[in-house]
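Peer 1: Next comes the sequence, and after it the predicted model I'd like to discuss.
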Amino acid sequence: MKRLLWCVVVGAAACGDGGGPSASPKVVIRPVLDSLFVGDTDTARTVIYLDANGDTMPAGPVRWSSTAPTALKVDSVSGQLTALARGAAILTATANGVAGHALVVVADTLDLALVLDTIYLLPTDTITIPVVVQRKGGSPPAATFGPSPNSGVYTIDTVTGLVTGVASGSPLRYFVHAGTLADTGAIVIRAADTASANSRSFFSVSGTANRHTGGLAYAINYAQHGGAPAFQLRAYNQNGSGGLVDNLLFTVVSAVDTAAPFVIDSISPVEAFGKGADAVCRPPRAWATWTTYSVSPPVTGLSRHTGLLTITKVVSAPGGTALGGRFQFLAQRTDMYGDALGAVTVVGTFVAPLYANLQACP
């Protein structure tokens, strides 16, 4: 079971001894996270150069670059920023041969963003559609919501965006308006079913890694070391040959048999991957991890405080039990564990079969 729930999920690349790299010079950009509106210009960010001992030293000449110059232009010498188009860019400052990074998000002067392009629910389940509306120089207009023409599948409150599942149905659009802007997403109401092909999830990852992706999901109640009950939820997608592309794993230190919220706490790299650590069979607390294999080497993030896994329904289904719910947590990239830029936000919904594994951890 340990191989099923852990090594396959996280991957061998993450199964190190938990040790960090040796001390080396570092460039820090302040602020490390920032936002601009299209048309804005701004002066160069502050650059701090730290030597191998952690002491602040003169940075000397700094060279600047942007990963998305069509969205965020930066003067390579002066560091002046010009916001050109909606998007996100990694701003890089190189001093004394060492590079530092910051994230800059560029929004339209009136900007509407959907947090979840696709939402999965069970019948009678509810969710308020998460959206972000911004306006430069004033209060943004309130978002309003429109239903799909097929009102027999779900209902939606046009003011609050509260969606209620009515009956199972294929992906149906929902509409969001804010001033002159509009966007659409999809709502899928899934019938309770234990067939793995009918389990679905969709999640968004926002930060230095941006992903909006859907895939499969399953949940399992199992016995941790010593026999106490525990629970895991996995949400993931695969490429055409079956290899993992993105993977989420939640571990809760109790069995799940009814609707309830579970606070997702932090877990350190040493607790997760250190020598002798076993965060599945001996979970220190409720925790979560996100890994994307879309880059090489893979990127993994470990949960910080104040995450939440909410099981909204646990229902009988043909062949067993199914559940549905949603999650949100802050994941700190292990390759940038001491850097605020390495924090990403993960938000999603799921419908999944609930299995029971009676084999106890060793």
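Peer 2: Okay, I see it.
Peer 1: Where does pLDDT dip in the stretch 51-200 of the chain?
Peer 2: Scanning the stretch 51-200 of the chain for pLDDT under 70 picks out the ranges 148-151, 196-197.
Peer 1: now the helices: where do they sit in it?
Peer 2: Assigned by DSSP state H, counting those that start in this stretch, the helices in the stretch 51-200 of the chain number zero.
Peer 1: just the stretch 201-350 of the chain next, same as before
Peer 2: Residue ranges of the helices in the stretch 201-350 of the chain, as given by DSSP H, counting those that start in this stretch, are 269-273.
Peer 1: So which elements touch the strand ranked longest in the chain?
Peer 2: Scanning the chain for the longest strand, with DSSP state E as the assignment, gives strand 343-360. In terms of contacts (3 or more C-beta pairs under 8 Å, 6 or more residues apart in numbering; DSSP states H and E), strand 343-360 is packed against strand 118-121, strand 200-206, strand 211-223, strand 229-238, strand 287-292, strand 299-303, strand 320-333. Quick note: C-beta positions are derived from backbone N, CA and C, even for glycine.
Peer 1: Could you give me the buried positions within that strand?
Peer 2: 343-344, 346-354 (16 or more other C-beta atoms under 10 Å).
Peer 1: now stretch 330-343
Peer 2: So for stretch 330-343, counting by 16+ other C-beta under 10 Å, buried means 330-334, 336, 339, 341-343.
Peer 1: End to end on it, go ahead and measure it.
Peer 2: 7 Å (C-alpha to C-alpha, to the nearest Å).
Peer 1: returning to that earlier point: between the helices and strands packed on strand 343-360, which one is closest to Ala107.
Peer 2: Judged by C-beta to C-beta, the one of these that comes nearest to Ala107 is strand 200-206, at 13.1 Å.
Peer 1: Alpha carbons of the closest one, in CSV - could you do that?
Peer 2: Written as CSV, here are the backbone C-alpha positions of strand 200-206 (Å, rounded to 0.1, in the frame of the first residue of the first chain):
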residue,chain,number,x,y,z
ARG,A,200,-13.2,13.6,-12.0
SER,A,201,-11.3,16.6,-10.7
PHE,A,202,-10.3,20.0,-11.9
PHE,A,203,-7.8,22.3,-10.2
SER,A,204,-6.1,25.6,-10.8
VAL,A,205,-2.5,26.3,-9.6
SER,A,206,-1.6,30.0,-9.5
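Peer 1: Partner strands of it, with direction?
Peer 2: strand 211-223 (antiparallel), strand 343-360 (antiparallel) (DSSP bridges).
Peer 1: Report the mean per-residue pLDDT for the longest one.
Peer 2: For strand 343-360, mean pLDDT rounds to 88.
Peer 1: Could you pull out the buried residues of stretch 160-172?
Peer 2: 161, 163, 165-166, 168-169, 172.
Peer 1: Tell me the one of the residues you listed nearest Thr194?
Peer 2: Ser168 (14.6 Å).
Peer 1: Enumerate the beta-bridge partners assigned to Ser206.
Peer 2: Applying DSSP bridges, one finds that Ser206 bridges with Thr345.
Peer 1: what about it, how many neighbours?
Peer 2: Residues near Ser206, counting by other C-beta atoms under 10 Å, number 16.
Peer 1: for Gly138, same thing?
Peer 2: For Gly138, the number of neighbouring residues by other C-beta under 10 Å comes to 8.
Peer 1: got the contact list for it?
Peer 2: The neighbourhood of Gly138, defined by C-beta atoms under 8 Å, 6 or more residues apart in numbering, contains no residues.
Peer 1: next one: Arg200
Peer 2: By C-beta under 8 Å, 6+ apart, the neighbours of Arg200 are 120, 188, 190, 214-217, 350-352.
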